[in-house]
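Asker: build me a model:
(2 chains)
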Protein chains: 2
Amino acid sequence: MRIDGIAYRTIWLDPDDGWSVCIIDQTRLPWSLEIARLTTVEEAAHAIRAMRVRGAPLIGATAAFGLCLGLRADPSDEAMARDASLLAATRPTAVNLGWALARMRHRLAAVPPHERAARAYREAQAIADEDAVQNEALGHVGAPLIAGRARSGDTVNVLTHCNAGWLACVDWGTALAPIYVAHEQGVAVHVWVDETRPRNQGAALTAWELGKHGVAHTVIADNAGGHLMQRGLVDLVIVGTDRVSRNGDVANKIGTYLKALAAHDTGVPFYVALPSSTIDWTIADGVRDIPIEERSGREVSHMSGAMADGRIGEIAVVAAGSPLANPAFDVTPARLVGGLITERGLCAASESGLRSLFPDAA
Amino acid sequence: MRIDGIAYRTIWLDPDDGWSVCIIDQTRLPWSLEIARLTTVEEAAHAIRAMRVRGAPLIGATAAFGLCLGLRADPSDEAMARDASLLAATRPTAVNLGWALARMRHRLAAVPPHERAARAYREAQAIADEDAVQNEALGHVGAPLIAGRARSGDTVNVLTHCNAGWLACVDWGTALAPIYVAHEQGVAVHVWVDETRPRNQGAALTAWELGKHGVAHTVIADNAGGHLMQRGLVDLVIVGTDRVSRNGDVANKIGTYLKALAAHDTGVPFYVALPSSTIDWTIADGVRDIPIEERSGREVSHMSGAMADGRIGEIAVVAAGSPLANPAFDVTPARLVGGLITERGLCAASESGLRSLFPDAA
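Answerer: Numbering: from 1, shown residues only, chains lettered A, B, ... in the order given. The predicted structure is shown next:
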């Protein structure tokens, strides 16, 4: 997608040397656009751990390129195993991380060491390219749902939660891909952006990427969405997901369930956009069985942002001594989900719906 | 209620001189407990305007005491009219402000000027005392709803939104009054405190007052409540309200509707606590007709809190240039409200329910 008119991905090879890895340092967003250059596997591991890159697909691509950097320095079996372990340990819960590393090692195992680095770069680039292609496909599946809500000449208002945009992926995004495609097709789209407490990914990342690409949007407190739906100011909701169980229950950033309830209560269509890799065929009942990560209460009690002098500062926003709880995700029951937008098409949020698109799945 | 074991109200006459007015400066909470002493009507007006006092009942009491300060300096008809206008203009939308000033002027109109100040102090004190008595009564109506959810030996978990505690009133509070009464009756109560973006009254005020009184609580992001209800961690919800229409629709701080939806979806009882002065008998359909205040987007984009060095600082938390919207309230339809807790008893959220308790109302 574009930043002030210039096309970017979240990760790419430096065109000057052809081997070092460039990323947008997301810890600096939305305050400044800083490109970081990664030259060692340790730097790649640190970038993931320090959340300079985040979002499951982008973490996977960064791990793949990180392994390339390691193999460039030492292509031996021992080094490859050590580097893969280092990368795998950075964010143990991100499913794409393990998947990308397993794919790389599977492809490289039988390759002689002196050819490994070159082969690794081709595979890492393929992982990145496939992510972009898959998300663009998903965008084309979802865009008609937006265009279909347009009354003649009116802007279509889409509400989204958290950041499931191109910054979380290599390009396009998941929830935002249909919005970008509709925007490129000339549909007048406006996005209500939930700020998404406690980590504020909506206010910091979604607002930034939509603004830089030129998509109209408005940032709101997470509390506001229900009221906006009640007043007819939301035409549809599109969110991403971290895991979908095979019955169509959707785990996503905490607060998603509340927006699904409001959409259901007010007759607003509620869609979830996902690459099929997000479907967990082993879980039959997501509300009951998807585990929910409990994160540090400090994310609730403290906030960072730009001070008046431009520096990044941190403040406490909760009464001292008050206990805190911070569940990071919630699960929206399939009955509240109007449809799943996947790279193969739209389906009902149900096992039969998912099987209709993925009959060959486990 | 108590602060570290010492009983306080939010407003009282200085016992040393018997005429100056003491308030807790709420702009300093939760970072420090500072008592401000008001000696002129101008200082009282400023305290309301600058939100050193807030909450409709407390604003009303402060205006009443402010008029006393003015009459002490000049008890003439002209001065009384001027002072009442000054106070009325501080927060034009707070219904209790106009009500308290009208009551004071009605009582004082026929009193000769030299007796006015003394009479005014008695009336202002009566307004404050009546508020405390009414809220305590409301607490006794609501407390059995909490006690009734206690399974043997278990803690009862109550979720609340915003601050409808004693800090918003003279004492006891509305939504928190049943919690304080249950706590004093020995019921083990724990309160989930929504932080209540964008102004954070939950994290800053509700958490502080519950903590200082010794009531167990945990602060959560507004997004978390639905998930907690889904997991069986909430036994009931109690919120306050800014206005109830005669059909039982409830206007309250933005985000209340989302919690009511989650409570309804998960079978958690949802109650609203209110003094009967909050009922607007002129509005038949609250969802359609209660006006919703749109406040400055700066409340969403900027936050203030305690910096590491203890000073109060402000940071920006939204991408620069992104538009903002900030509806301050929403309306929860009566069908989602399990009951209204009033000073006369519990009733259904409906016109017939309200009429059963208030048959003589307009």
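
Asker: C-alpha only now, for contacts and for neighbours.
Answerer: Noted.

Asker: neighbours around whichever residue of the stretch 251-362 of chain A sits closest to chain B, how many?
Answerer: Residue of the stretch 251-362 of chain A nearest chain B, by C-alpha to the nearest C-alpha: residue A:255 (4.0 Å). For residue A:255, the count of nearby residues is 29 (other C-alpha atoms under 10 Å in any protein chain shown).

Asker: so what are the domain limits for chain A?
Answerer: A:2-131, A:142-357 (automatic domain parsing).

Asker: closest one to residue B:8 among the ones you listed?
Answerer: If you check each of these against residue B:8 by C-alpha to C-alpha, domain A:142-357 wins as the nearest, at 18.5 Å.

Asker: ok now the closest one, how far from the chain's centre?
Answerer: Mean-position distance between domain A:142-357 and its chain equals 10 Å (C-alpha atoms, centre = their mean, to the nearest Å).

Asker: ok so, going back, now the residue of the stretch 251-362 of chain A closest to chain B. Nearest residue, chain neighbours left out?
Answerer: Nearest residue to residue A:255, sequence neighbours excluded (C-alpha to C-alpha, 6 or more residues apart in numbering or on different chains): residue B:223, at 4.0 Å.

Asker: how near is the closest residue to residue A:296 other than its chain neighbours to residue B:221?
Answerer: In this structure, residue A:296 finds its nearest non-sequential neighbour in residue A:326, 6.3 Å apart by C-alpha to C-alpha, 6+ apart. Distance from residue A:326 to residue B:221, counting by C-alpha to C-alpha, to the nearest Å: 7 Å.

Asker: give me the pLDDT value at the residue nearest to residue A:296.
Answerer: Note for residue A:326: predicted pLDDT of 98.

Asker: what's the neighbour count on it?
Answerer: Residues contacting residue A:326 under the criterion other C-alpha under 10 Å number 23.

Asker: next one: residue A:344
Answerer: 14.

Asker: one more: residue A:109?
Answerer: Neighbourhood size, residue A:109 [other C-alpha under 10 Å]: 12.

Asker: which of the helices or strands spans residue A:121?
Answerer: For residue A:121, the enclosing helix or strand under DSSP states H and E is helix A:113-147.

Asker: and residue A:219, helix, strand or coil?
Answerer: Using DSSP: H, G, I helix; E, B strand; the rest coil, the structure places residue A:219 in strand.

Asker: surely it meets residue B:319?
Answerer: No - the pair residue A:219 / residue B:319 is not scored as a contact, 9.2 Å apart, by C-alpha atoms under 8 Å.

Asker: show me how far stretch A:73-84 is from its chain's centre.
Answerer: 29 Å.

Asker: tell me the confidence at residue A:29?
Answerer: pLDDT, residue A:29: 95.

Asker: burial count for the nearest residue to residue A:343 once chain neighbours are set aside?
Answerer: Closest residue to residue A:343 apart from its sequence neighbours, by C-alpha to C-alpha, 6+ apart: residue A:138 at 4.2 Å. Neighbouring residues of residue A:138 were enumerated by other C-alpha under 10 Å; the total is 28.

Asker: what do you get for the one 10 residues further on?
Answerer: Counted by other C-alpha under 10 Å, the residues lying close to residue A:148 total 10.

Asker: would you mind measuring the gap between the ends of stretch A:151-164?
Answerer: 26 Å.

Asker: ok, back up a step: show me what contacts the residue nearest to residue A:255?
Answerer: Residues near residue B:223 by C-alpha atoms under 8 Å, 6 or more residues apart in numbering or on different chains: A:196, A:197, A:222, A:223, A:254, A:255, A:256, A:258.

Asker: among these, which are in helices?
Answerer: Cross-referencing the contacts of residue B:223 against helices under DSSP state H gives A:256, A:258.

Asker: and the contacts of residue B:223, which two are furthest apart?
Answerer: The widest separation within the contacts of residue B:223 (C-alpha to C-alpha) is 13.3 Å, between A:197 and A:258.

Asker: helices of the stretch 151-300 of chain A, residue ranges please.
Answerer: Listed in chain order, the helices of the stretch 151-300 of chain A (DSSP state H, counting those that start in this stretch) span A:177-184, A:201, A:207-213, A:225-230, A:256-266, A:286-289, A:298-301.

Asker: make JSON lines out of the ones you listed and add mean neighbour count.
Answerer: JSON lines is the format used below for the helices of the stretch 151-300 of chain A (neighbours: other C-alpha atoms under 10 Å in any protein chain shown):
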{"stretch": "helix A:177-184", "mean neighbour count": "23"}
{"stretch": "helix A:201", "mean neighbour count": "23"}
{"stretch": "helix A:207-213", "mean neighbour count": "22"}
{"stretch": "helix A:225-230", "mean neighbour count": "24"}
{"stretch": "helix A:256-266", "mean neighbour count": "25"}
{"stretch": "helix A:286-289", "mean neighbour count": "18"}
{"stretch": "helix A:298-301", "mean neighbour count": "20"}
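
Asker: redo those helices as TSV? Include mean pLDDT.
Answerer: Converted to TSV, those look like this (pLDDT from 0 to 100):
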stretch	mean pLDDT
helix A:177-184	98
helix A:201	96
helix A:207-213	98
helix A:225-230	98
helix A:256-266	98
helix A:286-289	95
helix A:298-301	97
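
Asker: thought residue B:226 was touching the residue of the stretch 251-362 of chain A closest to chain B, still the case?
Answerer: Yes - the criterion here is C-alpha under 8 Å, and residue A:255 meets it with residue B:226 at 7.2 Å.

Asker: so the residue nearest to residue A:343 touches residue A:240, yeah?
Answerer: No - in terms of C-alpha under 8 Å, residue A:138 does not count as a neighbour of residue A:240; the distance is 11.5 Å.

Asker: any residues in contact with both of these two?
Answerer: Contact criterion C-alpha under 8 Å, 6+ apart; residues shared by residue A:138 and residue A:240: A:174, A:273, A:274.

Asker: and those, which is closest to residue A:337?
Answerer: Distances from residue A:337 to these, taken by C-alpha to C-alpha, are shortest for residue A:273, at 10.9 Å.

Asker: contact partners for that closest one?
Answerer: Residue A:273 touches A:138, A:142, A:174, A:175, A:238, A:239, A:240, A:241, A:340, A:341, A:342, counting by C-alpha under 8 Å, 6+ apart.

Asker: between residue A:326 and residue B:221, which contacts overlap?
Answerer: With C-alpha under 8 Å, 6+ apart, residue A:326 and residue B:221 have common neighbours residue A:300.

Asker: ramachandran angles for the residue of the stretch 251-362 of chain A closest to chain B?
Answerer: phi 110, psi -20 (degrees, to the nearest 10).

Asker: quick one: contacts for it?
Answerer: Neighbouring residues of residue A:255 by C-alpha under 8 Å, 6+ apart: A:161, A:196, A:222, A:329, A:330, B:222, B:223, B:224, B:226, B:227.

Asker: which of the residues you listed fall in strands?
Answerer: Here DSSP state E is the test, and those give A:329, A:330 as lying in strands.

Asker: type out the PyMOL command that picks the buried ones from the contacts of residue A:255.
Answerer: With 16 or more other C-alpha atoms under 10 Å in any protein chain shown as the burial test, the buried ones among these are selected in PyMOL as follows:
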select buried, (chain A and resi 161+196+222+329+330) or (chain B and resi 222+223+224+226+227)
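
Asker: format the contacts of residue A:255 as TSV; extra columns: distance to residue B:359.
Answerer: Written out in TSV, the entries for the contacts of residue A:255 read as follows (distance: C-alpha to C-alpha, whole Å):
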residue	distance to residue B:359
A:161	45
A:196	45
A:222	39
A:329	47
A:330	44
B:222	37
B:223	39
B:224	40
B:226	36
B:227	40
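
Asker: model confidence for residue A:56, exactly?
Answerer: On the pLDDT scale, residue A:56 gets 87.
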